[in-house]
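**Student:** Sequence first, then the predicted structure, then my questions.
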Amino acid sequence: MADKLASYWSDAKQGLRAVELRAAGFEPSEAARTNAVVTIANAYTNAHRCNNRVRRIADLLVDAIAASGGQGLLVGAPAVSDALTQGTKNAGYSLMSRDLMADCIETGHFAHHGNSMIVVSGCDKTGAAALMPLARTNAFGLVVYPGTSSPGRVDFEPWASKGNNLTLMDYMEGSAAREAGRISEDELTSLQKCVMPGSGTCGAMFTANTMSSIAEAIGMMLPRGASHPADYDAASDIHDDVKNQAQASVAALYRLMEKGIRPRDIMVREAFENAITTAYAMGGSTNLYLHVLAIAREAGVSLAIEDLHRIGERVPLIANLQPHGAHAMVSLHNVGGVPVVMKALLEAGLLQGGVMTVTGKTLAENLAEVPLPEDLPEQDVVFPVSRPFAPPGNHISVLSGSLAPESCVLKLSGKTLEDGEFRGPAKVFDSEQAAMAAIRDGGVVPGDVVVVRHVGPVGAPGMPEMVHLTIQLQGRGLGKDVALITDGRFSGVSHGILVGHICPEGAKGGPIGVVRDGDVIVINPKTRRLDLDIPEAEMASRMASLEVPALSDLPPGSVLDKYRRLVSSAHHGCVQ
Ligand code: FES
């Protein structure tokens, strides 16, 4: 193995390399003996609780690799937390960071002559940015997840009945409920104090856990690695399950190198189908549409947006997790984690068990001893496929129509629409801020379709998440009665009647730009249509006279300026 792996480092005892190594604190003769040079890609920051444990994990990995005769080389990348950017003028830096992190990891890996890679993920985009460079470089490697935040509880309704399952979503909706006068200041303070007792990613089936589940389901993370809590509380060390995963991941990396199993041997078409199926069964975030397309592109796997819909629509929702259900991610971990979901899907014939994984075994072999949900002690976190939380076809659908000639995504999270469709008058806003002001002023009422446009990948730029709008609607009790459509995207926290990723976006001359206040908009999941209910001739006339607003000025050479010039549409995963 050493012969195959350590070519650059084998003559590091002499010459300039030895000088460089000594100056950096390495012993050249030790470096020359190394059996693996492992890029430890870690998007560490102390700026947010999603990734503030990543450095500790990276250090553990370096030590474990050293104990195995290898050398771990740290490579950093800028982890952006949506919790810090959503609803602000800097929200455009979020989605863009996915590609920037992947580029940072690729750069460090090749520049430092790594021959294998462990990527520590975390907050939403880091989940995609972990898999992208593994697929791109095809270096031996796998993903370690720093963990999700532990949940909390309060003793007043409507939250008391949720038990120990409260997450950031409950605080955000409580905050909107307080604004609307529906709960007291003391109750909001209780929520604020309890929902996140420690660090970790947002604690249910939001985007970070969607992406960790995808990493596990696609075979690039060790079993049960996607759901563990990050710590015991904010003052403690990282959780023992995380430490065990880190140690086990180093052992797995060496097995992969011994057996010659690379990421593209694992991330094959069938593995992508397994990952999409699992994410649908768990009620994953709409962001999976952007990220899975981007990862597939890196892996050289042909996958289009319509494929995701076709794979997902046959899958029942079986995990009772927030935002659609009751439980936090840690509750899933406590009943066995993602493997329990996958076992149920495999037994139902919805997964392909023959694919390879980072254990060096096939998926079916990994799941051989895992119990079915119905064989677990009484629990209501994972439902049997025969008795699902919601039947197939009720989670995320890809629609098109006169308002979305290319595509858009509808998220229902297990709900069905009364009358089979949502039909209502448009309230049109050219920014998230304008829509927020109208909702807060009571200008959005049951039956409305809120339209937020010019917030796409080019228009915003960076396609920000409209989560604060969906939280306001939920907190004001409007979540079931108001639809929201946008060329932006949603957070995994978002739930309601939501259509995002409308393509072409407004800034590219998409028909969302011609909607006027009071126009009737129809969302129909059965026919898979999103339409503006006006005569065809009227639509043609409006499109002919459409004036696309000028794009905002950006400093030339800034990352957002480059992003705006390179980014593709959401229809193609916003890849560059
Ligand atoms: Fe980082 Fe939700 S904001 S995981």
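**Tutor:** Nice, thanks for sending it over. Numbering: from 1, shown residues only.
**Student:** Only C-alpha atoms from now on, for both contacts and neighbour counts.
**Tutor:** Fine.
**Student:** count of residues packed around the residue in the stretch 301-450 of the chain that the ligand sits nearest to?
**Tutor:** The ligand sits closest to Met329 of the stretch 301-450 of the chain, with a gap of 12.0 Å, by Cα to the nearest ligand atom. Met329 is flanked by 31 other residues according to other Cα atoms under 10 Å.
**Student:** quick one: contacts for it?
**Tutor:** Thr148, Gly203, Ala204, Met205, Asn209, Ser227, His228, Leu321 (Cα atoms under 8 Å, 6 or more residues apart in numbering).
**Student:** Which residues are in contact with the nearest residue to the last one once chain neighbours are set aside?
**Tutor:** In other words, Leu321. Of all residues not flanking Leu321 in the chain, His327 sits nearest, at 4.4 Å (Cα to Cα, 6 or more residues apart in numbering). His327 is in contact with Lys162, Asn165, Leu166, Ala204, Asn320, Leu321, Val381, counting by Cα under 8 Å, 6+ apart.
**Student:** List only buried entries from those.
**Tutor:** The neighbour-count criterion (16 or more other Cα atoms under 10 Å) marks Lys162, Asn165, Leu166, Ala204, Asn320, Leu321, Val381 among the contacts of His327 as buried.
**Student:** ok so, going back, next step: the contacts of His327 restricted to helices.
**Tutor:** Assigned to helices by DSSP state H, none of the contacts of His327 qualify.
**Student:** if you skip the residues just before and after it, what's nearest to Thr210?
**Tutor:** Excluding the flanking residues, the one nearest Thr210 by Cα to Cα, 6+ apart is Gly284, at 5.1 Å.
**Student:** Find me the pLDDT at that neighbour, would you?
**Tutor:** With respect to pLDDT, Gly284 has a value of 96.
**Student:** okay, now it: neighbour count?
**Tutor:** Neighbour count for Gly284, taken as other Cα under 10 Å: 35.
**Student:** Is it in a helix, a strand, or coil?
**Tutor:** coil (DSSP: H, G, I helix; E, B strand; the rest coil).
**Student:** what's near enough to touch it?
**Tutor:** Contact analysis of Gly284 by Cα under 8 Å, 6+ apart lists Met205, Phe206, Thr207, Thr210, Gly492.
**Student:** Out of those, which two sit at the greatest distance?
**Tutor:** Thr210 and Gly492 (8.1 Å; Cα to Cα).
**Student:** which residues do those two both contact?
**Tutor:** Residues touching both Thr210 and Gly492 (Cα under 8 Å, 6+ apart) are Gly284, Ser285.
**Student:** In terms of helix, strand or coil, where does Glu273 fall?
**Tutor:** Put simply, Glu273 is helix when judged by three-state DSSP.
**Student:** any idea how far Ala129 is from it?
**Tutor:** To Ala129, Glu273 is 19 Å away according to Cα to Cα, to the nearest Å.
**Student:** The two: who's more crowded?
**Tutor:** Applying other Cα under 10 Å to Glu273 and Ala129 shows that Ala129 carries more neighbours, namely 30 against 23.
**Student:** helices and strands around the helix or strand encompassing the more buried one, which ones?
**Tutor:** Element membership for Ala129, per DSSP states H and E: helix 124-137. With contacts taken as 3 or more Cα pairs under 8 Å, 6 or more residues apart in numbering; DSSP states H and E, helix 124-137 sits against helix 93-111, strand 116-120, strand 140-144, helix 207-217, helix 263-266, helix 287-299.
**Student:** switch the cut-off to 10 Å
**Tutor:** Counting contacts by 3 or more Cα pairs under 10 Å, 6 or more residues apart in numbering; DSSP states H and E, helix 124-137 is packed against strand 37-42, helix 93-111, strand 116-120, strand 140-144, helix 207-217, helix 263-266, helix 287-299.
**Student:** how much does the fifth one deviate in direction from strand 140-144?
**Tutor:** By that I understand helix 207-217. Orientation of helix 207-217 against strand 140-144 (axes from the mean of the first three to the mean of the last three Cα atoms, to 10 degrees) gives an angle of 140 degrees.
**Student:** after helix 207-217 comes which helix or strand?
**Tutor:** Downstream of helix 207-217, the first helix or strand assigned by DSSP H and E is helix 240-259.
**Student:** Can you list the buried residues in stretch 101-111?
**Tutor:** By 16+ other Cα under 10 Å, the buried positions in stretch 101-111 come out as Met101, Ala102, Asp103, Cys104, Ile105, Glu106, Gly108, His109.
**Student:** quick one: contacts for the third one?
**Tutor:** Looking back up the chat, that one is Asp103. Asp103 sits next to Ala77, Ser97, His109, Ala129, Met132, Pro133, Arg136 when contact means Cα atoms under 10 Å, 6 or more residues apart in numbering.
**Student:** So Gly203 sits against Ala328, correct?
**Tutor:** Yes. If you go by Cα atoms under 10 Å, Gly203 and Ala328 touch, sitting 5.7 Å apart.
**Student:** Would you mind listing where the protein has pLDDT under the threshold?
**Tutor:** Filtered on pLDDT under 70, the chain yields the residue ranges 1-7.
**Student:** how much space is there between the spatially most central residue of it and the ligand?
**Tutor:** Geometric centre of the chain, nearest residue: Thr207, 3.2 Å, by Cα atoms, centre = their mean. From Thr207 over to the ligand the distance is 7 Å, taken as Cα to the nearest ligand atom, to the nearest Å.
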